[in-house]
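J.: structure for the following, please:
(one chain, ligands or ions: 1)
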Amino acid sequence: MVINNALILIIEDEPEIAEIIGTYLSREGFRVITAGDGTVGLAHHLRLRPDLVILDIKLPGRDGYEVLAAIRRRGDTPVIMVTALAEDLDKLQALRIGADDYVVKPFNPLEIAARAKAVLRRTLGRGSEKMLRVGSLTIDPQAYRAEVESAAGPVMVDLTRTEFRILSHMAAGIGRVFERSELVDACLPEGEALNRTVDSHVSNLRRKLAAAGADGLLVGVRGVGYRLDNIHGQ
Ligand code: CA
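T.: Numbers count the residues shown, from 1 in each chain. Below you'll find the model as predicted:
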């Protein structure tokens, strides 16, 4: 993952606050998605696998603590908690429930952006950043490298940032069908978010993989989306 291409999920029920945080993070080059409650937030977290979650504690329905616990049961996505009250802060510190950082309302939005960058820098290299293998293809998310193993040795696949992001997103779910809309939300820069745009990125990606010897690895599923297939890559 490259920090300034990171996808950040903001779970915050006050639209004005979500918008302010989102605006500042977007200015830093981050891609942002927001959710107004914990249930929607957890659904986005599962589907889009954000690089960082900014999580308000006082939420309608499930509160931030419950949402954090659910995120932690799934893995180690970095989380910055947003708290309005000193008592939240006490609880956070007492519980040590696995948040990576916290900010207290009212906050300077520049501070959130700075914290987000710091947490992303610190958490690079966690489990989700390990090498991914699909058949003869090896993806190194930290080095932003993809290589296909051939008889003559590894062949580097020269990918754009978006192509790399699509490939590594799909490599986390080999055999699963990824809908176009999911790839658009998770992988495309803002303003490029159209299903036909994802088609053209995927088509370039397939061509490059085939040229490197990994033909048939990325399969189109008619009317739905795409799938990475382990078998064809062997
Ligand atoms: Ca709130």
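
J.: quick one: contacts of the helix or strand harbouring residue 21?
T.: Secondary structure from DSSP states H and E places residue 21 in helix 15-27. For helix 15-27, the external contacting residues (CB atoms under 8 Å, 6 or more residues apart in numbering) are 8, 10, 12, 32, 34, 36, 54, 56, 105, 109-110, 112-113, 116, 190. (Each C-beta comes from the backbone N, C-alpha and C, glycine too.)

J.: could you tell me which of these belong to strands?
T.: If you go by DSSP state E, these have 8, 10, 32, 34, 54, 56 in strands.

J.: report the two of those separated the most.
T.: Pairwise distances across the ones in strands among the contacts of helix 15-27 peak at 14.6 Å for 32 and 56 (criterion: CB to CB).

J.: just to check, residue 166 is in contact with residue 202?
T.: Yes: counting by CB atoms under 8 Å, residue 166 does reach residue 202; the two are 6.3 Å apart.

J.: more crowded one of these two?
T.: A count of neighbours by other CB atoms under 10 Å puts residue 166 above the other of residue 166 and residue 202, at 26 against 23.

J.: for that one, give me phi and psi.
T.: Torsion angles at residue 166 (phi, psi; degrees, to the nearest 10) stand at phi -60, psi -50.

J.: can you put the ones in strands among the contacts of helix 15-27 in TSV and add neighbour count and pLDDT?
T.: Shown next, in TSV, are the ones in strands among the contacts of helix 15-27 (neighbours: other CB atoms under 10 Å; pLDDT from 0 to 100):
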residue	neighbour count	pLDDT
8	25	95
10	27	97
32	21	94
34	18	96
54	28	97
56	26	94
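
J.: so which of those also contact the ion?
T.: Applying CB under 5 Å from the ion to the ones in strands among the contacts of helix 15-27, one finds that residue 56 fall near the ion.

J.: wait, residue 208 sits on residue 157?
T.: Yes: using CB under 8 Å, residue 208 is in contact with residue 157, at 5.3 Å.

J.: neighbour count for the two, which is higher?
T.: More neighbours surround residue 157 than the other of residue 208 and residue 157, with 22 against 19 (other CB under 10 Å).

J.: and this structure, which residues reach the ion?
T.: Counting by CB under 5 Å from the ion, the residues of the chain that sit close to the ion are 13, 56, 58.

J.: could you give the backbone dihedrals for the last one?
T.: With angles defined as degrees, to the nearest 10, residue 58 shows backbone torsions of phi -80, psi 100.

J.: with residue 146 as the reference, measure out to the nearest residue to it once chain neighbours are set aside.
T.: Using CB to CB, 6 or more residues apart in numbering and skipping the chain neighbours, the partner closest in space to residue 58 is residue 84 (6.1 Å). Applying CB to CB, to the nearest Å, the value for residue 84 to residue 146 is 44 Å.

J.: quick one: which of those two has more around it?
T.: More crowded of residue 84 and residue 146, by other CB under 10 Å: residue 146, with 28 against 16.

J.: would the more buried one count as being in a strand?
T.: Yes: read with DSSP: H, G, I helix; E, B strand; the rest coil, residue 146 is one of the residues of a strand.
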